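Engineer: Quick one, what's the 3D model for this:
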Amino acid sequence: MLSRRVLIIADIEGSSGCWNYAASLFFTREWVQACEAMTLDVQAVVQGLFDAGAEEVIIKDFHRTGYNLLPEHIDPRARVNSGYALGPIPGMGDPGRTDTVMFLGLHAASGTSGFLPHTMTSRLAEVQVNGRLVPEVALFASLLAPYGIRPVFFSGCPDACRQARQEVPGITTFEIDKAGGPDGFDPAAWRRRLAQTAVAALTNCHTRPLEGRGPLDVKVVFRDGPAMAKKIARRWRVQCQGDAVHFIADDMPALFEILSRICYLVPALLPVLPLALPLYNMKGRAGLAWVRHRLKKVA
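Structural biologist: Next up, the predicted model:
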C-alpha cells in the first residue's frame with residue numbers, strides 16, 4: 001500500500017552540507033552552506049515523493065530556530081512549516097492529514113557516538129529513560145502517534161540510523177557517513193540515492209505509530225555539572241543528584257514537554273509564551289534573510 005500523505009521532519013546535522021559544529025550554529029558562514037544543502041536534500045525527496053504519487057507533503061524544519069530551509073527552492077506543492085508553534089503538536093504545529101512521517105538529517109542521542117550527537121541540546125550529556133539513552137527520533141515519533149502517523153523513513157549518520165532502527169522496528173534508514181569529511185563526497189549522487197530510498201519507504205508497512213507509553217523514569221545529565229543540575233532542579237522542582245536531575249514522565253510526549261522547559265524556558269516565561277514565541281520566530285526569519293543575502297553575494 002502506497003502512502004500518499006507524508007510529513008517530513010528535517011534537521012541539519014545529518015544533511016549533506018553540515019560537516020562541523022559551526023555549520024549547525026546560527027549566523028555562521030558554514031551554516032549558510034548547510035542551509036542550502038539541507039534545502040536541496042529535502043527538495044530531492046519531495047520531488048521524488050510527488051513523482052511517486054504523493055498527494056500531500058508537509059515539511060517541518062526542526063533545527064534550532066526552525067528557519068533553515070529555503071522554501072522558494074522547494075516544490076510549491078509542498079507546505080514548509082518554519083519556526084515553532086504552541087500546538088496542536090507542541091513545537092511542530094499542525095501535521096495536516098499526513099499518515100506517515102519521514103525524518104531527514106537527524107542525529108544520534110546525547111551520550112552516544114556519531115556526528116554531533118545530542119538530545120534536544122548539546123548542553124545535555126545524557127537523557128536516560130528507564131535506563132536507556134533516548135534519541136530525538138523517539139520523542140518526535142511519539143508526538144505524532146496520537147494522530148496515527150507512522151514513522152517509515154530515517155536518514156542520518158550510521159549511529160543515528162542504528163538508533164532509529166532500535167527505537168522504531170522496521171523503519172527504513174539511509175546513511176550519510178561523515179567520518180572522512182566532505183572531500184570526495186558527491187552530494188548530488190547521495191541525494192539521488194536518498195530520494196530513491198525515501199520513495200521506496202512509501203510502501204513500508206512494517207512500522208506502527210510509536211506510542212511511547214509510560215510511566216517513564218527519567219535521568220537528565222548536564223555537561224556543566226552539579227551546579228547546573230542544582231539550578232535546574234530548583235527552577236522546575238525536580239530531584240537532583242550530582243550532575244543529574246530525576247523525574248517521572250507520564251509518557252514520551254510529556255517527556256518532550258518537560259525537556260523543552262528544562263532546555264529552553266524559565267517558569268516566568270510560561271504565561272507569556274504565546275507572545276514570546278512569535279518574537280523568537282522573528283529571530284529565525286531574520287537569520288534566514290541573512291542566509292539569502294549571503295547566498296546572493298556568493299552567486
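
Engineer: quick one: pLDDT of S3?
Structural biologist: On pLDDT, S3 comes in at 83.

Engineer: And A34, by the same measure?
Structural biologist: Looking at A34, its pLDDT is 98.

Engineer: Can you give me the buried ones in whichever strand or helix holds A229?
Structural biologist: Element membership for A229 (DSSP states H and E) is helix 226-236. Under the neighbour-count criterion of 16 or more other Cβ atoms under 10 Å, helix 226-236 has 228-230, 232-233 buried. Every residue, glycine included, has its C-beta placed from N, CA and C.

Engineer: again, but for stretch 285-293
Structural biologist: Here stretch 285-293 shows 287-288, 291 as buried, counting by 16+ other Cβ under 10 Å.

Engineer: can you check stretch 141-151 too?
Structural biologist: Neighbour counts using 16+ other Cβ under 10 Å place 141-145, 147, 149-151 of stretch 141-151 among the buried residues.

Engineer: for stretch 42-54, same thing?
Structural biologist: Neighbour-count burial for stretch 42-54, counted by 16+ other Cβ under 10 Å, picks out 42-50, 52, 54.

Engineer: what do you get for stretch 84-92?
Structural biologist: Using 16+ other Cβ under 10 Å as the test for burial, stretch 84-92 gives 84-85, 89, 91-92.

Engineer: can you tell me the helix or strand for A289?
Structural biologist: helix 273-298.

Engineer: Secondary structure element for M38, which one?
Structural biologist: Per DSSP H and E: M38 is located in helix 29-51.

Engineer: average model confidence for the following helix or strand past that helix?
Structural biologist: Going down the chain from helix 29-51, the next helix or strand is strand 56-61, by DSSP H and E. In this model, strand 56-61 carries a mean pLDDT of 98.

Engineer: List the pairing partners of strand 56-61 within its sheet, with orientation.
Structural biologist: According to DSSP bridges, strand 56-61 forms sheet pairs with strand 5-10 (parallel), strand 79-81 (parallel).

Engineer: quick revisit: looking at the buried residues of stretch 84-92, spot the one nearest V137.
Structural biologist: When these are compared for distance to V137 (Cβ to Cβ), M92 wins out at 13.6 Å.

Engineer: What residue, apart from its backbone neighbours, is nearest that closest one spatially?
Structural biologist: Of all residues not flanking M92 in the chain, K60 sits nearest, at 5.5 Å (Cβ to Cβ, 6 or more residues apart in numbering).

Engineer: just G111 next, same as before
Structural biologist: E126 (3.7 Å).

Engineer: check contacts around F154.
Structural biologist: Going by Cβ atoms under 8 Å, 6 or more residues apart in numbering, F154 touches 102-103, 106, 137, 160-161, 164-165, 168, 171-174.

Engineer: which of those has the most neighbours?
Structural biologist: Ranked by neighbour count (other Cβ atoms under 10 Å), these have A160 at the top, with 32 neighbours.

Engineer: What distance do you get for it to H293?
Structural biologist: Using Cβ to Cβ, to the nearest Å, one gets 32 Å for the distance from A160 to H293.
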